[in-house]
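Novice: return a 3D structure for these sequence lines:
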Amino acid sequence: MRKGLIRALRSAATAGLCALAFGATSASAQALKLGHITPPSHVWHQVSEKIASDLEKTSGGKMKIAVSPLQKLGNEAQMINLMQAGAMQFGVFTVGGLSNREESFLAWSLPYTFRDVEHATRAASSPAAREMLKRLEAHGMVGLGYAFAGMRHVLSLEPVRSPKDLANKKIRSFPSPIYNDWWTANGAAPTALPLSEVAPSLTTRLLDAVDVDLDALVGLKFHQQAPNLTLTNHMAFPAAIVVSKKWWDARSDTERDMIRKVIADAEAWGYKAAIEADKSNLDKAKADGAKVIDADIKAFQAVGGGVRDKYTARNPLIADFYKQAQDL
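Specialist: Numbers count the residues shown, from 1 in each chain. Next up is the predicted model:
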């Protein structure tokens, strides 16, 4: 009986050691989450997938990121709450959404600040743009880079050639004060809707137009409901690549350096992809039935000047960013 008891204790000890070893192995492979709001066809999703792939490879499999597109982990406000709690480690968040926490991010949406996507990507290296990222730490996030989509345009049921064609029209717009001010100044009624509700709202004429980048337009085929595309080119549309500060603070210096390098590489790759996509997506949209409308762009630019002046006057960092972007 004594020998049987000894054998049982030895077996239990061996099983316990195996369990501990398995637990240590499991703990060494971190299961991480990255969330964003765009569809899988969007360049931000491609940037996210590159971060996930490169980090797994660079970490030797110790850091594995599950990428969740299309708000599967919640809307941006909910995902930011998850990051603050350390329950979500990575995010690619619109600067419009982040401006609800740090006002200076509104600078990216100043009308007619950028000539094109390439100009906007260069502004991402400006001191003001990097200061915006730094200020996210006060909100439980560490800003490590930017990602870009195409420039913003107007897609509509009826042709839009000047601001007067938008009078009293409902336009799907990003839910942000500066977007509201911009479209109200053009005479339109800005309407906040999730991307998933845009197509049916155009079909039923609950919407007259959409403020959209070409990446989302091609990916979600909004031009099948509203064929008229006015290339207003009125705003850039970046996102910030962020990590949870709570999670980041628990990482070693070596891990942080590795993550910074992976995100910097993905950031640079994403810039090139966004620039190329903005050109190729226009060709795709036209080939798929979108009709490009000739418009009085100077009339839109004149409206934009008043909106810019309002925001540069109220926030010094917004004013600094605008000046630095114009000097590029």
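Novice: which helix or strand contains the closest residue to Ser104 other than its chain neighbours?
Specialist: What sits nearest to Ser104 in space, not counting adjacent residues and going by CB to CB, 6 or more residues apart in numbering, is Leu317, at 4.0 Å. Every residue, glycine included, has its C-beta placed from N, CA and C. Take DSSP states H and E as the rule and Leu317 turns out to sit in helix 316-326.
Novice: ok, the residue nearest to Ser104 - contacts?
Specialist: Under the criterion of CB atoms under 8 Å, 6 or more residues apart in numbering, the contact partners of Leu317 comprise 104, 107, 128, 131-132.
Novice: so which of those are in strands?
Specialist: Secondary structure assignment (DSSP state E) places none of the contacts of Leu317 within strands.
Novice: so how far is Gly140 from the closest residue to Pro39 other than its chain neighbours?
Specialist: Using CB to CB, 6+ apart and skipping residues adjacent in sequence, the residue nearest Pro39 is Gly219, 5.0 Å away. Taking CB to CB, to the nearest Å as the criterion, Gly219 is separated from Gly140 by 30 Å.
Novice: what of Leu82?
Specialist: Taking CB to CB as the measure, Leu82 falls 10 Å from Gly140.
Novice: list the contacts for the residue nearest to Pro39?
Specialist: The neighbourhood of Gly219, defined by CB under 8 Å, 6+ apart, consists of 38-39, 41-42.
Novice: by neighbour count, which of those wins?
Specialist: Within the contacts of Gly219, neighbour counts (other CB atoms under 10 Å) peak at His42, which reaches 27 neighbours.
Novice: wait, doesn't that one sit right on Ala216?
Specialist: Yes - judged on CB atoms under 8 Å, His42 makes contact with Ala216 at a distance of 6.6 Å.
Novice: who touches both of the two?
Specialist: Ala149.
Novice: can you pull out the helices in the protein?
Specialist: Along the chain, the stretches classed as helices by DSSP state H are 2-28, 43-58, 76-85, 95-98, 117-123, 127-135, 177-185, 198-203, 214-220, 245-249, 253-287, 297-314, 316-326.
Novice: can you list contacts of the fifth one?
Specialist: The set of residues external to helix 117-123 that reach it, using CB under 8 Å, 6+ apart, is 108, 113-114, 129, 146, 148, 150-151, 236, 238, 271, 274-275, 278, 321, 324-325, 328.
Novice: tell me the average confidence for it?
Specialist: Averaging pLDDT along helix 117-123 yields 98.
Novice: mind checking pLDDT for the nearest residue to Ala85 once chain neighbours are set aside?
Specialist: Residue nearest to Ala85 in three dimensions, not counting chain neighbours: Lys246, with 7.0 Å by CB to CB, 6+ apart. Note on Lys246: pLDDT of 98.
Novice: wait, Glu137 sits on Ser244?
Specialist: No - between Glu137 and Ser244 there is no contact under CB under 8 Å: 11.0 Å.
Novice: out of these two, which sits in the busier spot?
Specialist: A side-by-side neighbour count of Glu137 and Ser244, using other CB under 10 Å, places Ser244 first with 24 against 15.
Novice: residues in contact with that one?
Specialist: For Ser244, the contact set (CB under 8 Å, 6+ apart) comprises 83-84, 86, 88-90, 140-142.
Novice: hmm, which of the residues you listed are the buried ones?
Specialist: When neighbours are counted using 16 or more other CB atoms under 10 Å, the contacts of Ser244 contain these buried positions: 83, 88-90, 140-142.
Novice: using TSV, lay out those together with pLDDT and distance to Pro159.
Specialist: Converted to TSV, the buried ones among the contacts of Ser244 look like this (pLDDT from 0 to 100; distance: CB to CB, whole Å):
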residue	pLDDT	distance to Pro159
Met83	97	42
Met88	98	43
Gln89	98	46
Phe90	98	41
Gly140	98	45
Met141	98	42
Val142	98	45
